[in-house]
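Peer 1: Just the structure for this:
(one chain, ligands or ions: 1)
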Amino acid sequence: MSFNRVEDESFNTNFDIGSLPKHYEYNPFVSDEDAESEKEDLPRLVLMGLRGSGKTSIQKVVFQKMSPNETLFIGSNNSMLKDVVNNSAFVNFQICDFPGHFDFTDPEYEAESIFQGCESLIFVIDAQDAIASALNRLHSVVTKAYKVNNNIKFEVFIHKVDGLTEDTKMETQREIHQRANDDLIDSGDEQKIYISFHLTSIYDHSIFEAFSRVVQKMIPQYATLENFLNIIISTSGIEKAFLFDVKTKIYVATDSSPVDMQSYELCCDMIDVVIDLSNIYGLGEDPGLMNDPAFDDQSSSLIKLNNGTILYLREVCSFLALVCILREDNFEKQRIIDYNFMILRKGIHRLFELKEKEKESFQFNKLLSLK
Ligand SMILES: Nc1nc2c(ncn2[C@@H]2O[C@H](COP(=O)(O)OP(=O)(O)OP(=O)(O)O)[C@@H](O)[C@H]2O)c(=O)[nH]1
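Peer 2: Model (predicted):
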């Protein structure tokens with residue numbers, strides 16, 4: 001059986017399968033006022049690495065919904081690319097992608113201004129390439145960055161692992177970890193600088209999972225969110241709960257039980273299904289207008305799997321959704337789960353309000369200091 005694509009002019013080609021179009025503005029907690037000046041105050045996440053290691057591809061796949069195969073045609077960067085990710089109070093930062101040939105030791109570049117406002121530095125290493133020069137660059141980058149700003153969180157993405165066997169993956173990770181630490185010991189920095197390592201590829205969910213962990217470290221309220229989720233799973237018979245940013249499929253929080261990749265992938269697939277169906281059936285009368293978001297405060301979904309497991313999704317606010325995995329038997333108490341969910345939702349809204357107040361007082365103090 002084959003399907004012919006219907007050539008209909010009213011068909012809106014702005015949709016990417018499995019994603020929200022980038023210009024949706026459903027964001028009740030982030031106002032547009034003073035947006036430009038606010039952008040400069042956002043925490044900065046910096047992507048660095050050698051030429052061709054995959055930095056721009058990562059940024060485009062995770063935040064701009066580019067399909068992995070399209071990255072083959074990106075071409076090399078010659079200047080720094082900056083993007084603002086502003087989905088909710090928790091997923092709210094600027095991301096700077098520096099070209100591979102960028103040498104911050106060159107006086108032309110001001111290392112201070114790059115690393116000063118930097119919250120997290122992701123160094124990408126191509127695992128399919130020789131790693132020696134990447135490790136040298138990693139060492140000079142982290143030591144320089146640490147001198148400028150000792151609050152930076154250092155993350156290494158051992159990237160393009162899709163081309164490696166399971167054994168080689170582990171071996172490469174072990175080698176990179178070992179050699180990076182040896183370099184820190186040689187320079188006497190091993191007590192001060194801590195680097196986290198992640199195996200990643202744009203061809204599977206590993207890049208989203210790794211980014212989730214990076215973003216979680218940038219959320220000061222993470223412990224509170226984790227605690228909320230621990231309470232809801234223990235009181236509602238839920239096995240695993242994720243708080244997802246549905247735009248990027250980054251999970252901003254989860255309960256404290258270990259994350260297994262399959263559960264995460266299942267939840268990501270569920271979000272794709274919900275968004276795709278909403279894109280098709282959830283829009284208003286005129287699909288060209290795109291006024292009604294594919295994800296709004298009415299969004300919820302329940303999927304029963306054939307192994308007696310249920311996936312349950314509920315909107316929390318502004319592109320955040322709670323996605324839970326639970327046994328079908330436990331879903332008999334749906335009213336209790338829904339009640340607990342309402343309490344959780346209120347708690348998260350309160351956190352948002354506190355965060356907004358914190359931001360306002362920060363801006364107020366900044367204004368005062370300028371006077
Ligand atoms: N196999 C594989 N290839 C990847 C992956 N990520 C990126 N690539 C490929 O790597 C090549 C280089 O990617 P870029 O994103 O341009 O690399 P870059 O680090 O931004 O390069 P510069 O701009 O020169 O610094 C592209 O052909 C991508 O398709 C991955 O996870 N697996």
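Peer 1: per-residue pLDDT, residue 334?
Peer 2: Confidence at residue 334, expressed as pLDDT, is 86.
Peer 1: give me every residue that touches it.
Peer 2: Contact analysis of residue 334 by CB atoms under 8 Å, 6 or more residues apart in numbering lists nothing. Backbone N, C-alpha and C define where each C-beta goes, glycine included.
Peer 1: need the contact list for the residue of the stretch 251-371 of the chain found nearest the ligand.
Peer 2: For the stretch 251-371 of the chain and the ligand, the shortest gap (CB to the nearest ligand atom) falls at residue 261, measuring 15.8 Å. Counting by CB under 8 Å, 6+ apart, residue 261 makes contact with 205-206, 209.
Peer 1: Dump those residues to a markdown table, plus distance to residue 227.
Peer 2: Output for the contacts of residue 261, formatted as a markdown table (distance: CB to CB, whole Å):
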| residue | distance to residue 227 |
| --- | --- |
| 205 | 26 |
| 206 | 27 |
| 209 | 22 |
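Peer 1: Stretch 60-69: which residues count as buried?
Peer 2: Neighbour-count burial for stretch 60-69, counted by 16 or more other CB atoms under 10 Å, picks out 60-63, 65-66.
Peer 1: Over to stretch 137-148?
Peer 2: For stretch 137-148, burial by neighbour count (16+ other CB under 10 Å) applies to 137-139, 141-143, 145-146, 148.
Peer 1: What is the nearest of those residues to residue 129?
Peer 2: residue 137 (12.2 Å; CB to CB).
Peer 1: looking at it, that closest one is touching residue 50, isn't it?
Peer 2: Yes. Taking CB atoms under 8 Å as the definition, residue 137 is a contact partner of residue 50 at 6.1 Å.
Peer 1: Would you map the strands across the protein?
Peer 2: For the chain, the strands defined by DSSP state E occupy 44-49, 81-86, 92-97, 118-126, 153-159, 195-199, 238-245, 250-254, 300-304, 309-317, 320-327.
Peer 1: Quickly check: the second one near the ligand or not.
Peer 2: Going back to what we said before, that points to strand 81-86. No. Counting by CB under 6 Å from any ligand atom, the ligand has no neighbours in strand 81-86; the shortest distance is 8.6 Å.
Peer 1: what comes up buried for that strand?
Peer 2: For strand 81-86, a neighbour-count test (16+ other CB under 10 Å) marks 85-86 as buried.
Peer 1: can you check the last one too?
Peer 2: Taking 16+ other CB under 10 Å as the neighbour-count basis, strand 320-327 is seen to contain the buried residues 320-326.
Peer 1: Please work out how many residues are found near residue 74.
Peer 2: Neighbours of residue 74 under the rule other CB atoms under 10 Å: 14.
Peer 1: on that earlier part again, dump the buried residues of stretch 137-148 to JSON lines, plus pLDDT and distance to residue 115.
Peer 2: As requested, the buried residues of stretch 137-148 are arranged in JSON lines below (pLDDT from 0 to 100; distance: CB to CB, whole Å):
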{"residue": "137", "pLDDT": "92", "distance to residue 115": "15"}
{"residue": "138", "pLDDT": "94", "distance to residue 115": "15"}
{"residue": "139", "pLDDT": "93", "distance to residue 115": "15"}
{"residue": "141", "pLDDT": "91", "distance to residue 115": "9"}
{"residue": "142", "pLDDT": "93", "distance to residue 115": "10"}
{"residue": "143", "pLDDT": "92", "distance to residue 115": "11"}
{"residue": "145", "pLDDT": "91", "distance to residue 115": "5"}
{"residue": "146", "pLDDT": "92", "distance to residue 115": "9"}
{"residue": "148", "pLDDT": "90", "distance to residue 115": "4"}
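Peer 1: low-scoring stretches of the stretch 51-200 of the chain, by residue?
Peer 2: Scanning the stretch 51-200 of the chain with the threshold set as pLDDT under 70 gives 104-108.
Peer 1: Which residues of it lie near the ligand?
Peer 2: So the stretch 51-200 of the chain meets the ligand at 51-57, 71-72, 74, 76-77, 99-100, 159-160, 162-163 (CB under 6 Å from any ligand atom).
Peer 1: Just the buried ones among those residues, please.
Peer 2: Using 16+ other CB under 10 Å as the burial test, these include 53-57, 71, 77, 99-100, 159-160, 162 as buried.
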